[in-house]
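Engineer: no FASTA, just this:
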């Protein structure tokens, strides 16, 4: 078994090359698991809300990024 980790924004060209080199017709994407925490425990002075898929000006955000 071989694992190649290139991230969710892998280009079409890189995906095709990985498929070609691995001999696989289909590739699979596995997302990282995110822990579930109580909102009250998050320090919002360092954490921030963000949105997926490049949405601009989304004040609520899809998730809280905790660096």
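Structural biologist: That came through fine. Just so we're clear, the structure is a prediction, and the values are computed from it rather than from any experiment.
Engineer: can you give the distance of stretch 3-16 from its chain's centre?
Structural biologist: Mean-position distance between stretch 3-16 and its chain equals 12 Å (C-alpha atoms, centre = their mean, to the nearest Å).
Engineer: end to end, how far does that stretch reach?
Structural biologist: End-to-end distance for stretch 3-16, by C-alpha to C-alpha, to the nearest Å: 16 Å.
Engineer: list of residues touching that stretch?
Structural biologist: By C-beta atoms under 8 Å, 6 or more residues apart in numbering, the residues outside stretch 3-16 that reach it are 18, 22, 27, 29, 31. Every C-beta, even on glycine, is put in place using the N, C-alpha and C of the backbone.
Engineer: just the buried positions in it, please.
Structural biologist: Judged by neighbour count (16 or more other C-beta atoms under 10 Å), stretch 3-16 contains no buried residues.
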